[in-house]
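J.: Please find the sequence and the predicted model below.
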Amino acid sequence: MRAVVAQAEQAAEARDLSGIMEFVSADYRDEQGYGTVELKQYLRGYLIAHQSVHLLLKVNSVGFPYRDMAQVGLTLGALGRESGAATAFDVAADVYDVELELRLEGTEWRVTRARWRPASEG
């Protein structure tokens, strides 16, 4: 499961939207009401707004309540250099606590649900 998270991280840092979406189930839903279409639009906007993306991930927990279901808790630090930034110090940085639910679809793990909150909210 950690390898799946690392592969998704690599796709995000490469700003590869289709590569990121390969890790998302067609049944994806989150508490913001996003499905795959809305998530893809959100990510596209983020990647357009940030000409570079650097992530720091700490996997806090991995559980398998069922053979074909995984739950992953992680802390995500995201640092992005905004497009059109005047200097290298024009960056956006955020830290989130993230909970993912993944389902085994064929031979691939795909995210079916995600929940994230700024880490400062506890």
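T.: Perfect, thanks for sending it.
J.: List of residues touching the helix ranked longest in the chain?
T.: Secondary structure assigned by DSSP state H gives helix 36-49 as the longest helix of the chain. The set of residues that contact helix 36-49 without belonging to it, under CB atoms under 8 Å, 6 or more residues apart in numbering, is 15, 17, 20-21, 24-26, 28, 30, 32, 34, 53, 80, 82-83. No exception for glycine: its C-beta is placed from N, CA and C like everyone else's.
J.: From the chain's centroid, how far away is it?
T.: Between the centre of helix 36-49 and the centre of its chain there are 11 Å (CA atoms, centre = their mean, to the nearest Å).
J.: Please write out the alpha-carbon positions of that helix in PDB.
T.: Extracted as PDB, the C-alpha positions of helix 36-49 are listed here (Å, rounded to 0.1, in the frame of the first residue of the first chain):
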ATOM      1  CA  THR A  36     -14.200  12.100 -10.300                       C
ATOM      2  CA  VAL A  37     -15.200  14.900 -12.600                       C
ATOM      3  CA  GLU A  38     -15.000  17.600  -9.900                       C
ATOM      4  CA  LEU A  39     -11.800  16.100  -8.400                       C
ATOM      5  CA  LYS A  40     -10.200  16.200 -11.800                       C
ATOM      6  CA  GLN A  41     -11.300  19.800 -12.400                       C
ATOM      7  CA  TYR A  42      -9.900  20.800  -8.900                       C
ATOM      8  CA  LEU A  43      -6.600  19.100  -9.500                       C
ATOM      9  CA  ARG A  44      -6.300  20.600 -13.000                       C
ATOM     10  CA  GLY A  45      -6.800  24.100 -11.500                       C
ATOM     11  CA  TYR A  46      -4.200  23.400  -8.800                       C
ATOM     12  CA  LEU A  47      -1.600  22.200 -11.300                       C
ATOM     13  CA  ILE A  48      -2.300  25.200 -13.500                       C
ATOM     14  CA  ALA A  49      -1.900  27.600 -10.500                       C
END
